[in-house]
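J.: Next comes the sequence, and after it the predicted model I'd like to discuss.
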Amino acid sequence: MGCGVSKPPPAAADAPPQHAEAPAPPPPAAEAPAPPPPPKEPAAGGGGQAERTLVYVLGHDVANTSSLCLTLKEELGCTVLQANELLRREVKAGGELGMQLADMIKQGKIIPPAKTAQLILNAMEAGEGVFLVDGFPKSAESLHSFTEQVQGARQLAIYLELKDAELLSRISASDSSLGEDGAQRRVNAFKRQMEGLLAALSRQGILHTIDAAGGSAVTRAKELLGASPAASAEPAADAAAAEPALNGCKCIFVLGGPGSGKGTQCQKLVEKFQCLHLSAGDLLRHEVQTGSEQGKAIATMIKEGKIVPAKTTIDLLQAAMASAPPGTLVLIDGFPRSLDNLEAFEAQVGMCEMTVFFALSADVMEARLLERGKTSGRTDDNLESIHKRFETFNTQSLPVLAALKEKTRVLEVDASASVDEIAARVAEEVQKLL
Ligand SMILES: Nc1ncnc2c1ncn2[C@@H]1O[C@H](COP(=O)(O)OP(=O)(O)O)[C@@H](O)[C@H]1O
Ligand SMILES: O=c1ccn([C@@H]2O[C@H](COP(=O)(O)OP(=O)(O)O)[C@@H](O)[C@H]2O)c(=O)[nH]1
């Protein structure tokens, strides 16, 4: 039922003209409710297609999605499927579909997303590897009708995000005729348009948001494509491998901001229950101490408050879990710290039983960390690193909490209470798992 549902577009004057699902600037017409035509062959669907990875590269044009795609094409050899370009080519080829499209464009109609979807699927038929889809989908409905047809292909979405003020200033600069109000309306329309789509991708657990203005978008995207199991060339380790990797253990994610008391409370749980405490941060710091090349890279990331690539941390966690007897309760402290971490852990290891989240204000966390820094010897317990860690926590780690709430039980605890009060509250819940 969900396919091709007609949805009124935003007022034409406000609609972002870039990346339209038609080659011509979209006039005021509905996203037409055409039934999705079947792909010629099960393009990316069906069996044996796991080596195809589909990456939706999303964002406003002023966030430079196309340029990111081109860089990734050059550096990683991905195939770029630019929605407008595919439509243009089809029109030029002059076949039956091309003529239909040309007609729609002439009449000022918006091309039904199902048609764009079909062109993308057809283009994917020819090859394998990583396909970057630029400029599609534009709505949750388009995504839905499309993903139904690409079952079997691994999917991932990269959203090049710009904060409101930056988006506004770039849109204003890209079209000075808009004026302040016009540019603001464009920003609002774009955000409305993206809202449902991003929520749908997030629910699927495949959304990765990258700060388009931060200067490290390419690095981050490459990291995602390289480190994410979704983009890995190896089709193996996902659902089928997930159960054995857990080894019969039950995992609890122990999360919260830096200095919120994760380590302290894990210690309390270890005293009370038979459980294995794995601090991701400690495992990484241990790796640093080995002096390996990897350790050196990790040391820099820790000082900068950055998140170490998922695979590195998960391999360490998995190795530490390997010898635990089946049924062991494992406290995974300080991981996952990003949606990518979560997704990769689920694929490589499995799902946790529950999550404990310690909520605490930044002021209190800062004070605790500065106090801890007097004796911890940690390279990141200083004001500069602490602020970077807070930024990473707010932008990358907090979305994990929302994602976990959709998937597992989350116990949110006020971490400003005393150590013993918190410990009692947590123990009460953990007891229920045993
Ligand atoms: N409930 C609490 N009240 C006051 N101080 C606390 C509490 N919990 C932990 N601390 C102190 O705060 C600092 C950070 O706690 P820690 O458990 O190391 O946090 P995290 O592992 O989340 O970084 C430590 O010095 C710890 O002793
Ligand atoms: O899964 C993890 C856990 C930790 N870290 C890094 O290790 C640092 C310290 O993490 P830890 O959990 O020890 O301390 P917290 O910041 O929670 O006090 C983080 O800032 C990250 O740089 C990481 O990259 N991935």
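T.: Received the coordinates, thanks. Ligands and ions are numbered 1, 2, ... in the order given.
J.: so after the helix or strand bottoming out on mean pLDDT in the chain, what's the next helix or strand?
T.: Of all helical and strand segments in the chain, the minimum by mean pLDDT, DSSP states H and E falls on helix 239-246, at a mean of 48. Sequence-wise, the next helix or strand downstream of helix 239-246 (DSSP states H and E) is strand 250-256.
J.: what helices or strands is that next one leaning on?
T.: Applying 3 or more Cβ pairs under 8 Å, 6 or more residues apart in numbering; DSSP states H and E, we find strand 250-256 packed against helix 262-272, strand 329-333, strand 354-359, helix 398-407. Using the backbone N, CA and C atoms, a C-beta is placed for each residue, glycine as well.
J.: buried ones in it?
T.: Judged by neighbour count (16 or more other Cβ atoms under 10 Å), strand 250-256 contains these buried residues: K250, C251, I252, F253, V254, L255, G256.
J.: Report pLDDT for the last one.
T.: The predicted local confidence for G256 comes out at a pLDDT of 98.
J.: Now do the contacts for it.
T.: Shown in contact with G256 (Cβ atoms under 8 Å, 6 or more residues apart in numbering): K262, F357, F358, A359, L360, A415.
J.: hmm, which of those are the buried ones?
T.: Applying 16+ other Cβ under 10 Å to the contacts of G256, the neighbour count classes K262, F357, F358, L360, A415 as buried.
J.: so which of these are also by ligand 2?
T.: Among these, the ones lying near ligand 2 by Cβ under 6 Å from any ligand atom are K262.
J.: Up against ligand 2, what does the chain have?
T.: Residues of the chain lying near ligand 2 (Cβ under 6 Å from any ligand atom): 258-259, 262, 279-281, 284, 301-302, 305-308, 313, 334-335, 337, 380, 389.
J.: Keep only those of the residues you listed that are in strands.
T.: Members of the residues of the chain next to ligand 2 lying in strands (criterion: DSSP state E): S279.
J.: so where do the helices sit in the stretch 51-200 of the chain?
T.: 65-76, 83-93, 96-106, 113-125, 140-149, 164-174, 179-203 (DSSP state H, counting those that start in this stretch).
J.: hang on, the earlier thing: quick check: which of the helices and strands packed on strand 250-256 is buried the most?
T.: strand 329-333 (a mean of 23; mean count of other Cβ atoms under 10 Å).
J.: Please state the offset of it from the chain centre?
T.: In terms of Cα atoms, centre = their mean, to the nearest Å, the centre of strand 329-333 is set 23 Å apart from its chain centre.
J.: Stretch 398-417 now?
T.: With Cα atoms, centre = their mean, you get 17 Å for stretch 398-417.
J.: Stretch 180-188 now?
T.: 27 Å.
J.: got the CA positions of that stretch in PDB?
T.: Presented in PDB, the C-alpha positions along stretch 180-188 are these (Å, rounded to 0.1, in the frame of the first residue of the first chain):
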ATOM      1  CA  GLU A 180      16.600  36.800   3.200                       C
ATOM      2  CA  ASP A 181      13.100  35.500   3.500                       C
ATOM      3  CA  GLY A 182      13.300  33.500   0.300                       C
ATOM      4  CA  ALA A 183      16.400  31.800   1.400                       C
ATOM      5  CA  GLN A 184      14.900  31.000   4.800                       C
ATOM      6  CA  ARG A 185      11.900  29.500   3.100                       C
ATOM      7  CA  ARG A 186      14.200  27.300   1.100                       C
ATOM      8  CA  VAL A 187      15.900  26.200   4.300                       C
ATOM      9  CA  ASN A 188      12.600  25.400   5.900                       C
END
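J.: Show me where the stretch 51-200 of the chain dips below the pLDDT cut-off.
T.: Applying pLDDT under 70 to the stretch 51-200 of the chain flags residues 126, 151-152.
J.: circling back to that earlier point, mean neighbour count and distance to ligand 1 for the helices of the stretch 51-200 of the chain - can I get that in CSV?
T.: Shown next, in CSV, are those (neighbours: other Cβ atoms under 10 Å; distance: least, Cβ to the nearest ligand atom, whole Å):
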stretch, mean neighbour count, distance to ligand 1
helix 65-76, 18, 34
helix 83-93, 18, 44
helix 96-106, 15, 55
helix 113-125, 22, 44
helix 140-149, 21, 36
helix 164-174, 16, 31
helix 179-203, 17, 25
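J.: For the chain, which residue gets nearest to ligand 2?
T.: For the chain and ligand 2, the shortest gap (Cβ to the nearest ligand atom) falls at G281, measuring 1.8 Å.
J.: who's in contact with the closest residue to that residue other than its chain neighbours?
T.: In this structure, G281 finds its nearest non-sequential neighbour in G334, 4.9 Å apart by Cβ to Cβ, 6 or more residues apart in numbering. Applying Cβ under 8 Å, 6+ apart, we find G334 in contact with V254, L255, K262, G263, S279, A280, G281.
J.: hang on, isn't V308 packed against M301?
T.: Yes: V308 lies in contact with M301 (Cβ atoms under 8 Å); the separation is 5.2 Å.
J.: ok, L86 to D420 distance?
T.: Distance, L86 to D420, by Cβ to Cβ, to the nearest Å: 62 Å.
J.: wait, N247
T.: According to Cβ to Cβ, N247 and D420 sit 32 Å apart.
J.: Which one's more surrounded, the two?
T.: More neighbours surround N247 than the other of N247 and D420, with 18 against 9 (other Cβ atoms under 10 Å).
J.: got the contact list for that one?
T.: M321, A322, A324, P326.
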